[in-house]
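S.K.: sequence unknown, structure follows:
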RNA sequence: GGUAGCGUGGCCGAGUGGCUAGGCAGAGCUCUGCAAAAGCUCGUACAGCGGUUCGAAUCCGCUCGCUACCUCCA
């Protein structure tokens, strides 16, 4: 009998400590998880895809491990200030004026766009997707609580968090490794910020100027909530004052997540999050993506190829595969060459998945091949190991590729399956399918509902071939190709696959 | 300048103190009417410079480079 491999438990890299820690939920089997979602004021771009896909995999994996996950991802639909000035124009109302629309129209339009492309990436919807505008009352309550705690003050209808006061007892900068005094030294002198007592203070409620479109009444006058507050309020509302996982992009670490911690400490006296997870950023051809650099790619463009940076269109599953091919804490560089490689890798994986699903174990085992058995178990072990090691999806894909080789070989000669035990076969099949489909979320892109039609055509193909009618043979191949499929001539028959 | 992350073969991208990652591209072979698919074979890389060690790409230090953030640009 094979010695059971020891798979270490799930460890996650916690930004708060800078270390990989064993993941232990506060109230097993429940896991509470919050991820910062998009601000819905323009088209979703490739930078939005990474956190959406990665944290989707995190959620799927935790569920696979048997946890009961509540996944909350917000939609920011309350505009926040733009640029360096204090003139209260926010991004959503600016876009609204630009397009002559109501702010809520903008919000709904781009929320729909976000859902469309993120759905296409096979990202499961979060269990709760709260919107900031639906939680104004709760945010006002929090402002009051923070004021009651003596950690915020009002100035001209705005309320600011008193960072200096907070820092007397707590460490503002605990997450991002910053020290308040050092932050101060680097603070720029900005005009019009005189209503703050201290440059590092941040708004938790903002007075709305008369032309500001989005506004709510509050004890401090008409205004809108500060940028950081919504996440504190909505995460704790649905997950409790202390919850397990908070995710988001590295760019949000400071100040956004830092402020969340400060607000929660002030309002609830709790450090709200046990494990902070931050994904790294995406670059394009080595450079940062920005509108001014002209390399800004929306997901829609990626899917249809309508962007001059792109040599062709890349399917959502290709993009998903590509994102998962890198560890989430590494920067990920978009290039045509890399996407092309991901495209082939994905199709290879999926073709193998199809073959595996059709394989069945022979009537009885033959002479077992211990080396082969060990290899297959090794790959399966590594898949679990990789995933448990801070969600190393790149490792998982690499090991799945190893299994692809084995599966393809078995498929070519099914009788060789007798060289492994039924248990090994079952483990290979279950591991491959669970990790590919259920955890990494890499399904068949276009599920063929006309399998019968395809099989029929293949029969004609085989017949034509037997009669050496090569013109017909080539024609059938062309039909397949135009449908994105290929015909495979095997030793013992014909089959089809997705074109690579 | 500060903080955080990262620097691996032609490209992408994992990883461990000494034992094959993997994918893409390329070469050869098998198969084939021709192909494709698939299988097999082929690369000896780890930014640079020091140090620790019997031995480091893997640990430590420094340097260089890239990316993000540094107060209201999710």
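M.R.: Sure thing, it's come through. All of these numbers come straight from a predicted model, not from anything done at the bench.
S.K.: Would you map the helices across the stretch 251-400 of chain A?
M.R.: Remark: helices assigned in the stretch 251-400 of chain A by DSSP state H, counting those that start in this stretch are A:258-268, A:299-304, A:316-324, A:336-358, A:370-388, A:393-412.
S.K.: Packing partners of the third one?
M.R.: Under the contact definition 3 or more Cβ pairs under 8 Å, 6 or more residues apart in numbering; DSSP states H and E, helix A:316-324 sits against helix A:46-64, helix A:299-304, helix A:336-358, helix A:393-412. All C-beta spots, glycine's among them, are computed from the backbone N, C-alpha and C.
S.K.: Of all those helices, which one is nearest residue A:366?
M.R.: Proximity to residue A:366 (Cβ to Cβ) singles out helix A:393-412 among the helices and strands packed on helix A:316-324, at 13.2 Å.
S.K.: how far out from the middle of the chain is the closest one?
M.R.: Its chain's average C-alpha position is 24 Å from that of helix A:393-412, according to Cα atoms, centre = their mean, to the nearest Å.
S.K.: Tell me which of the helices and strands packed on helix A:316-324 is the most buried.
M.R.: Stretch with highest mean neighbour count among the helices and strands packed on helix A:316-324: helix A:46-64 (a mean of 22; mean count of other Cβ atoms under 10 Å).
S.K.: would you list the helices and strands packed on helix A:316-324 in JSON lines and tack on mean pLDDT and distance to RNA strand B?
M.R.: Shown next, in JSON lines, are these (pLDDT from 0 to 100; distance: least, Cβ to the nearest atom of the strand, whole Å):
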{"stretch": "helix A:46-64", "mean pLDDT": "94", "distance to RNA strand B": "7"}
{"stretch": "helix A:299-304", "mean pLDDT": "91", "distance to RNA strand B": "13"}
{"stretch": "helix A:336-358", "mean pLDDT": "91", "distance to RNA strand B": "3"}
{"stretch": "helix A:393-412", "mean pLDDT": "92", "distance to RNA strand B": "2"}
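S.K.: right, and those helices - which one's nearest residue A:283?
M.R.: Closest to residue A:283 of the helices and strands packed on helix A:316-324 is helix A:46-64 (Cβ to Cβ; 9.8 Å).
S.K.: picking up where we left off before, can I get the helices and strands packed on helix A:316-324 in a markdown table including distance to residue A:238?
M.R.: What follows is the helices and strands packed on helix A:316-324, written out as a markdown table (distance: least, Cβ to Cβ, whole Å):
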| stretch | distance to residue A:238 |
| --- | --- |
| helix A:46-64 | 15 |
| helix A:299-304 | 27 |
| helix A:336-358 | 34 |
| helix A:393-412 | 27 |
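S.K.: returning to what we had before: go through the helices of the stretch 251-400 of chain A and name the closest to residue A:104.
M.R.: For these, proximity to residue A:104 was assessed by Cβ to Cβ; helix A:299-304 is nearest, at 22.1 Å.
S.K.: ok, what's across the strand from residue A:152?
M.R.: Counting by DSSP bridges, residue A:152 is bridged to residue A:161.
S.K.: shouldn't it be in contact with residue A:158?
M.R.: No. Between residue A:152 and residue A:158 there is no contact under Cβ atoms under 8 Å: 10.2 Å.
S.K.: Looking at those two, which has the bigger crowd around it?
M.R.: residue A:152 (27 against 21; other Cβ atoms under 10 Å).
S.K.: what's the distance between that one and residue A:174?
M.R.: The gap separating residue A:152 from residue A:174 is 19 Å, by Cβ to Cβ, to the nearest Å.
S.K.: before we move on, what about residue A:65?
M.R.: Distance of residue A:65 to residue A:174, computed by Cβ to Cβ: 29 Å.
S.K.: Same check on residue A:245?
M.R.: 17 Å.
S.K.: More neighbours: these two, which one.
M.R.: Shown here are residue A:245 and residue A:174; by other Cβ under 10 Å, residue A:245 has more neighbours (25 against 15).
S.K.: Torsion angles phi and psi at that one?
M.R.: Backbone torsions for residue A:245, taken as degrees, to the nearest 10, come to phi -120, psi 130.
S.K.: Show me which residues of stretch A:414-425 are buried.
M.R.: Neighbour counts using 16 or more other Cβ atoms under 10 Å place A:416, A:417, A:418, A:419, A:420, A:421, A:424, A:425 of stretch A:414-425 among the buried residues.
S.K.: How about the last one, nearest residue that isn't a chain neighbour?
M.R.: Using Cβ to Cβ, 6 or more residues apart in numbering and skipping the chain neighbours, the partner closest in space to residue A:425 is residue A:361 (5.1 Å).
S.K.: quick one: which of the buried residues of stretch A:414-425 is nearest residue A:263?
M.R.: Nearest member of the buried residues of stretch A:414-425 to residue A:263, counting by Cβ to Cβ, is residue A:424, at 52.6 Å.
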